[in-house]
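> coords please:
(chains A and B, ligands or ions: 3)
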Amino acid sequence: MKPAPFDYIRAGSVDESLDALHELGDEARILAGGQSLAAMLNMRLVRPTALIDISGLRELDRAETRDDAIEVGAACTQAALSHRLSREGRHPLLEAALPHVGHYQTRSRGTVCGSIAHADPSAELPLCLMALGGEVLLRSRQKRRRVPAEAFFLGVISTACAPDEMIEAVRFPLPKPAYGYAFDEVSRRHGDFALAAFAAIAGPRTIRMAVGGVADRPVSREWPMLEGAALDDALNAFAWELRGQDDQHATAAYRRGLVRKVGRRVIEEAMRCRG
Amino acid sequence: MPRLKAGQRHEVAFTLNGVAVRGEAEPRMLLTDFLRHVIGVTGTHVGCEHGVCGACTIRLDGVATRGCLLFAVQVAGRDVKTVEGLGGSDGRLSPLQEAFRRNHALQCGFCTAGILMSLDDFLEKNPSPTEPEVREVLSGHLCRCTGYTGIVRAALETAKGNADA
Ligand SMILES: Cc1cc2nc3c(=O)[nH]c(=O)nc-3n(C[C@@H](O)[C@H](O)[C@H](O)COP(=O)(O)OP(=O)(O)OC[C@H]3O[C@@H](n4cnc5c(N)ncnc54)[C@H](O)[C@@H]3O)c2cc1C
Ligand code: FES
Ligand code: FES
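Ligands and ions are numbered 1, 2, ... in the order given. Okay, the predicted model is just below:
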């Protein structure tokens, strides 16, 4: 299938993108890697009248450590972040999650911020942002604001990013000493969207876990250090609270089972990885 | 800031397999359709048009990516390599293509152009990959008739041949 007609705007700078968003509002869409948007356009699930292409903006192609977080700009691809982290070996959770984001051929163009903006409920990067308690840096022509992950994801493909705003960068907090991190997911085939995905962080006195692919957005919980049956009970309660639904990929009961079993395994792995 | 109007055709000049080419495209025209119908180079195949099957994979500035998720206007001034760019100008196959032939890594050939372009990129960046690494790259492609065993073998043999050469 082919997209409906749209104007194509190649932004020369962030300011130009913001001017265009200001002028066009929800008529326009930011085009980053296009790995979700172009598919939606081809299927005519969306019909914006203009695309603002930010993929060539050097000023947004960055990933750097700033105030205890890795700050990733809106033109940085998933592959570029992955290379950088594997060289520096500094972020076990993101390093474990990134290879699950689509495929070699989609990570090469797909951006980190585009995945956050798209907010697919089973996407790995929104899940990591949620587990780590990260932040999204939003900018419009008038103002800049920082939104915590908890307040950013509002539902299926729905976020706090207003029509005249764009994500300038996202901040993934760096791992803390004495904390352990683990990630795993269950999908039909490697690179498919997850039936359920898990990111766990074990601290000296707490366990935190985020689950993707079950509720309409990634959801996280924090518990005091639990073990044995108490941990099973906590996971069971969490599995029910997520209110997963039956769909063509899996039943709600199967997904609850994954939260109990795979969720526990990921938590135990995070505990073992504690420094 | 350049704004290309919907419904109008715009000139797109770029490098295709080392040669400067140009054509006209509406903003909504996919790169795959542009290559096949406007430029007239039909080696790049089209399966799903939503990024899943991998048949349309090309190299953009050296990077393997989906042709069906790019718009023609996005490649202006850039370097595109397609399956036509693999062999020699005298029709000789590249070592990777030869390995595909030797290992029965294709049958109908529908998926092949895309797989070759992924492996062309991957083997350049990873000259001595492991089998799991090759399989991981191939997870981005669907082959419905050959099966992946011959494809994996062809990729590994090419890497080994390059190392021995
Ligand atoms: C075959 C296939 C498999 C995939 N599998 C997975 C998977 O397993 N897990 C996964 O997480 N993803 C998966 N994806 C999607 C992933 O590849 C995309 O990269 C990601 O969802 C979107 O990033 P993008 O840069 O491509 O954004 P685009 O597709 O360009 O944009 C997506 C949306 O976000 C908006 N947007 C983008 N950037 C910004 C910004 N800076 N500010 C505001 N809005 C913005 C766009 O307007 C659009 O609405 C898959 C894609 C394909 C084709
Ligand atoms: S046609 Fe592009 S991935 Fe299927
Ligand atoms: S050779 Fe026929 S689909 Fe792969």
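> Just the pLDDT at residue B:164, thanks.
Per-residue confidence (pLDDT) for residue B:164: 81.
> measure it to residue B:93 for me?
18 Å (C-beta to C-beta, to the nearest Å). Every C-beta, even on glycine, is put in place using the N, C-alpha and C of the backbone.
> Between these two, which is the more surrounded one?
Each of residue B:164 and residue B:93 had its neighbours counted (other C-beta atoms under 10 Å in any protein chain shown), and the higher figure belongs to residue B:93 (13 against 6).
> Is the more buried one in a helix, a strand, or coil?
The three-state label for residue B:93, taken from DSSP: H, G, I helix; E, B strand; the rest coil, comes out as coil.
> the helices in chain B, which residues?
When assigned using DSSP state H, the helices of chain B occupy the ranges B:31-33, B:95-102, B:112-125, B:131-138, B:149-164.
> hmm, the fourth one touching ligand 3?
Read it as helix B:131-138. No - residues of helix B:131-138 contacting ligand 3 under C-beta under 6 Å from any ligand atom: none, with a closest distance of 10.9 Å.
> Tell me the helices and strands packed up against that helix.
Other elements packing on helix B:131-138 under the criterion 3 or more C-beta pairs under 8 Å, 6 or more residues apart in numbering or on different chains; DSSP states H and E are helix A:104-107, helix B:112-125, helix B:149-164.
> Can you tell me which of these is most buried?
By mean neighbour count, with neighbours taken as mean count of other C-beta atoms under 10 Å in any protein chain shown, helix A:104-107 ranks first of the helices and strands packed on helix B:131-138 at a mean of 26.
> In the helix or strand that it is followed by, which residues are buried?
Toward the C-terminus, helix A:104-107 is succeeded by helix A:112-118 as the next helix or strand (DSSP states H and E). Of all the residues in helix A:112-118, those buried under the rule 16 or more other C-beta atoms under 10 Å in any protein chain shown are A:112, A:113, A:114, A:115, A:116, A:117, A:118.
> Serialize these to a markdown table and add fields for pLDDT and distance to residue A:171.
Conversion of the buried residues of helix A:112-118 to a markdown table gives the following (pLDDT from 0 to 100; distance: C-beta to C-beta, whole Å):
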| residue | pLDDT | distance to residue A:171 |
| --- | --- | --- |
| A:112 | 98 | 11 |
| A:113 | 98 | 11 |
| A:114 | 98 | 16 |
| A:115 | 98 | 15 |
| A:116 | 98 | 11 |
| A:117 | 98 | 15 |
| A:118 | 98 | 18 |
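> Also within reach of ligand 1: list those from those.
With the criterion set as C-beta under 6 Å from any ligand atom, the members of the buried residues of helix A:112-118 near ligand 1 are A:113, A:114, A:115, A:117, A:118.
> any idea how far ligand 1 is from the nearest residue to the last one once chain neighbours are set aside?
So the one you mean is residue A:118. Closest residue to residue A:118 apart from its sequence neighbours, by C-beta to C-beta, 6 or more residues apart in numbering or on different chains: residue A:36 at 4.7 Å. Taking C-beta to the nearest ligand atom, to the nearest Å as the measure, residue A:36 and ligand 1 are separated by 4 Å.
> Then residue A:66?
Applying C-beta to the nearest ligand atom, the value for residue A:66 to ligand 1 is 18 Å.
> try residue A:71
Counting by C-beta to the nearest ligand atom, the gap between residue A:71 and ligand 1 amounts to 13 Å.
> and if you look at residue A:73?
Computed with C-beta to the nearest ligand atom, the distance linking residue A:73 and ligand 1 is 9 Å.
> My read is that that residue contacts residue A:60, right?
Yes - here residue A:73 reaches residue A:60: they are 4.2 Å apart, a contact under C-beta atoms under 8 Å.
> what is in contact with these two at once?
Applying C-beta atoms under 8 Å, 6 or more residues apart in numbering or on different chains, one finds that residue A:73 and residue A:60 are jointly contacted by A:168, A:169.
> How about residue B:14: what's its closest non-neighbour residue?
In space, residue B:14 comes closest to residue B:75 once its chain neighbours are excluded; the distance is 4.8 Å by C-beta to C-beta, 6+ apart.
> How many neighbouring residues does the one you found have?
Look at residue B:75: counted by other C-beta under 10 Å, it has 23 neighbours.
> mind listing what residue 94 touches?
With no chain named, the answer covers chain A. Taking C-beta under 8 Å, 6+ apart, we find residue A:94 in contact with A:70, A:81, A:85, A:128, A:172.
> looking at chain B here, not the other one
For residue B:94, the set of contacting residues under the criterion of C-beta under 8 Å, 6+ apart consists of B:86, B:87, B:88, B:120.
> Residue ranges of each domain in the chain, please.
Here I'm looking at chain A. Each domain of chain A is listed here as a residue range: A:7-53, A:62-173, A:180-272, per automatic domain parsing.
> try again with chain B
According to automatic domain parsing, the ranges for chain B are B:10-85, B:95-164.
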